[in-house]
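Chemist: Next input, structure requested:
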Amino acid sequence: MRGRQLAGGGRAVPVPPERLAGWFERFAARHGGALRTGLSGRLVEVTAVDGATATVEVPFEPLPGPHGEFPGLAADPLVRHALTPRRIGLVLVRLGAHSVGIARGGAVERSATDRHLVQGRNKAGGQSQQRFARRRAGQARRSLDSAADEVARVLLPERDRLDAVVLGGDRRALEALRADPRLRALLAAAEPRVLDVPEPRRAVLDEAAVRALAVEVLIREP
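Modeler: Below is the predicted model of the structure:
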């Protein structure tokens with residue numbers, strides 16, 4: 001799992017739940033110790049003595065209490081929350097491919113993956129371009145309809161037994177799924193983060209099942 005640079009400075013680092021306690025201890029040690037920890041239902045922020053901060057937007061919120069500002073390093077509530085076993089629905093979709101599954105503890109229990117031909121863009125002009133555009137639009141619609149059908153088939157019967165839903169892929173394709181009346185409530189309750197994934201395949205779904213549990217820590221140096 002790779003980190004990413006943040007706009008305005010800093011970086012985001014995904015940390016597996018089982019490594020989170022040690023990660024915070026090392027962060028504090030590198031920055032002269034932890035000065036304080038702020039805990040709320042949606043946010044955890046550790047401020048180091050030298051001014052560096054490590055901030056987490058709580059996954060699978062809310063974070064159970066107590067909430068408030070505590071001296072030193074007090075990330076144990078977040079660690080316990082991240083380690084809580086969860087059964088997660090996964091929806092990965094890009095134009096032309098989708099992979100849907102249910103995972104527990106980072107392992108996929110059930111899945112459906114498929115690909116559909118959606119041709120690339122045509123640079124020709126005139127009527128040829130118009131015919132191509134209509135054909136491509138029809139292919140895209142069939143691809144997204146198929147993805148919506150798979151989400152409905154795999155996840156809707158299990159909705160009441162899922163602890164969360166995590167999305168990944170192309171945001172425009174995901175918005176098309178959100179417009180499906182069958183999926184509106186399910187996807188509206190999904191985690192706010194969207195995993196960046198390549199063309200969905202079963203191997204990509206397996207990786208996403210692990211990534212869905214990782215805690216993203218935003219690090220800003222003093």
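Chemist: can you list the domains in the protein?
Modeler: Structural domains annotated on the chain: 4-84, 87-211, as defined by automatic domain parsing.
Chemist: Lowest mean pLDDT across those domains, which one is that?
Modeler: For those, mean pLDDT drops lowest on domain 87-211, to a mean of 87.
Chemist: How far does that domain stretch from one end to the other?
Modeler: Counting by C-alpha to C-alpha, to the nearest Å, the length from the leading to the trailing residue of domain 87-211 is 14 Å.
Chemist: same question, stretch 30-37
Modeler: First-to-last residue span, stretch 30-37, C-alpha to C-alpha: 16 Å.
Chemist: Show me the contact partners of it.
Modeler: If you take C-beta atoms under 8 Å, 6 or more residues apart in numbering as the criterion, stretch 30-37 is touched by 24, 27-28, 44-50, 52, 69-75, 222. Yep, even glycine has a C-beta here, placed from its N, CA and C like the rest.
Chemist: and it, which residues are buried?
Modeler: Applying a neighbour-count criterion of 16 or more other C-beta atoms under 10 Å, the buried positions in stretch 30-37 are His31, Ala34, Leu35, Thr37.
Chemist: Ok, which of the domains of the chain comes nearest Leu218?
Modeler: Proximity to Leu218 (C-beta to C-beta) singles out domain 4-84 among the domains of the chain, at 4.4 Å.
Chemist: what's the spacing between the closest one and its chain's center?
Modeler: In terms of C-alpha atoms, centre = their mean, to the nearest Å, the centre of domain 4-84 is set 18 Å apart from its chain centre.
Chemist: Columns distance to Leu218 on top of the domains of the chain, output as CSV?
Modeler: Written out in CSV, the entries for the domains of the chain read as follows (distance: least, C-beta to C-beta, whole Å):
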stretch, distance to Leu218
domain 4-84, 4
domain 87-211, 12
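Chemist: For Val217, find the nearest of the ones you listed.
Modeler: With respect to Val217, and counting by C-beta to C-beta, the nearest of the domains of the chain is domain 4-84 at 5.1 Å.
Chemist: In stretch 74-83, which residues are buried?
Modeler: Counting neighbours by 16+ other C-beta under 10 Å, one finds that the buried residues in stretch 74-83 are Ala74, Ala75, Pro77, Leu78, Val79, His81, Ala82.
Chemist: ugh, wrong one, stretch 156-166
Modeler: Within stretch 156-166, the residues scored as buried using 16+ other C-beta under 10 Å are Ala164, Val165, Val166.
Chemist: And for stretch 104-113?
Modeler: Within stretch 104-113, the residues that qualify as buried are Gly106, Val108, Ser111, Ala112, Thr113, counting by 16+ other C-beta under 10 Å.
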